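Chemist: pasting the structure only:
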């Protein structure tokens, strides 16, 4: 059908607002990229906008050579990959039985789990619990307390409930057990919502800052978020670089080094997100609407 004049105006206004919202997110990233690739003089004089001036890779090279950014990147990968794998494993194992109508005490357990989302113990009891388990200074302190997100569990449970029971009944007639049904029927049909929830967990682990600051004592085990934050707040970073390499120091400013660190931190998520974007909206809608 041909759109009416009112619909055209509505769509035009929507596109305009969405374009402004996209630019408000994109332009700061472009500016940070330009700062990280610009020379000292251009940044000092405030000439850098959306395009690098006096183009140089010095900030990235010195960041890699003279800081622990590579080690922090490796730590972030370990925290994110292992943490997301554990999260998905336990979320699936919790959501599947709660989605089965014949599961005993299904409603009671679901209400008990939702209760933990509404009422939490607080920071100090959580820290004392983690300490009593001997996890302080260990990445287990980052993985165990948030092993299952209640919100993600409910989304996945709702998705599983929408899978036709006839498929499972047919599989049971053929002799399949619960594990085979999960692995060969339920999970392949749940790829959109699984990819979406994995993205949620992955982004949360990659950006983890406060928990790392509280539970990890060894600076060598810090992730990118903590390292970049320390770089932004550090007053001695540039003096240390000046002592290590005076010639390179003349080409750098604190803004260029910090911008390079920020780009190293956000680049992996910017690369991964487009590959999962096609599952994002579909997974959220199917997992949240029943019927």
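Modeler: Thanks, I have the structure now. As the structure is a computational prediction, the values presented were derived from the model and not from experiment.
Chemist: where does the closest residue to residue 50 other than its chain neighbours fall, secondary structure wise?
Modeler: Using Cβ to Cβ, 6 or more residues apart in numbering and skipping the chain neighbours, the partner closest in space to residue 50 is residue 30 (5.0 Å). In this view, the C-beta of every residue, glycine as well, is placed from N, C-alpha and C. With elements taken from DSSP states H and E, the one containing residue 30 is helix 5-36.
Chemist: any buried residues in that helix, and which?
Modeler: Within helix 5-36, the residues scored as buried using 16 or more other Cβ atoms under 10 Å are 32-36.
Chemist: same check on stretch 199-217?
Modeler: Going by neighbour count (16+ other Cβ under 10 Å), the buried part of stretch 199-217 is 199-202, 204-206, 208, 211-212, 215-216.
Chemist: now stretch 138-157
Modeler: Residues of stretch 138-157 classed as buried by neighbour count (16+ other Cβ under 10 Å): 138-143, 145-146, 148-150, 152-157.
Chemist: now swap in stretch 90-102 and tell me
Modeler: 91-92, 94-99.
Chemist: which stretches in the stretch 151-291 of the chain count as helices?
Modeler: Using DSSP state H, counting those that start in this stretch, the helices of the stretch 151-291 of the chain run over 165-173, 178-181, 187-189, 191-206, 210-215, 224-233, 237-244, 246-249, 254-288.
Chemist: so for residue 19, which of the ones you listed sits nearest?
Modeler: With Cβ to Cβ, the closest approach to residue 19 among the helices of the stretch 151-291 of the chain belongs to helix 254-288: 17.8 Å.
Chemist: report the rounded mean pLDDT for that closest one.
Modeler: What helix 254-288 shows for mean pLDDT is 73.
Chemist: again with stretch 58-70
Modeler: Stretch 58-70 carries an average pLDDT of 79.
Chemist: center of the chain, which residue is that?
Modeler: Centroid-nearest residue in the chain, with Cα atoms, centre = their mean: residue 203, separated by 0.2 Å.
Chemist: wait, that one sits on residue 269?
Modeler: Yes: judged on Cβ atoms under 8 Å, residue 203 makes contact with residue 269 at a distance of 6.2 Å.
Chemist: count of neighbours near the residue lying closest to residue 213 once chain neighbours are set aside?
Modeler: Ranked by Cβ to Cβ, 6+ apart and with sequence neighbours excluded, the top spatial neighbour of residue 213 is residue 226, at 5.9 Å. Neighbours of residue 226 under the rule other Cβ atoms under 10 Å: 21.
Chemist: tell me the contacts of residue 226?
Modeler: Contacts for residue 226 (Cβ atoms under 8 Å, 6 or more residues apart in numbering) come out as 72, 209, 212-213, 216.
Chemist: domain parsing for this protein?
Modeler: Domain assignment for the chain, taken from automatic domain parsing, gives 5-66+234-290, 69-215.
Chemist: turn those into JSON lines, columns for distance to residue 222.
Modeler: Shown next, in JSON lines, are the domains of the chain (distance: least, Cβ to Cβ, whole Å):
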{"stretch": "domain 5-66+234-290", "distance to residue 222": "12"}
{"stretch": "domain 69-215", "distance to residue 222": "6"}
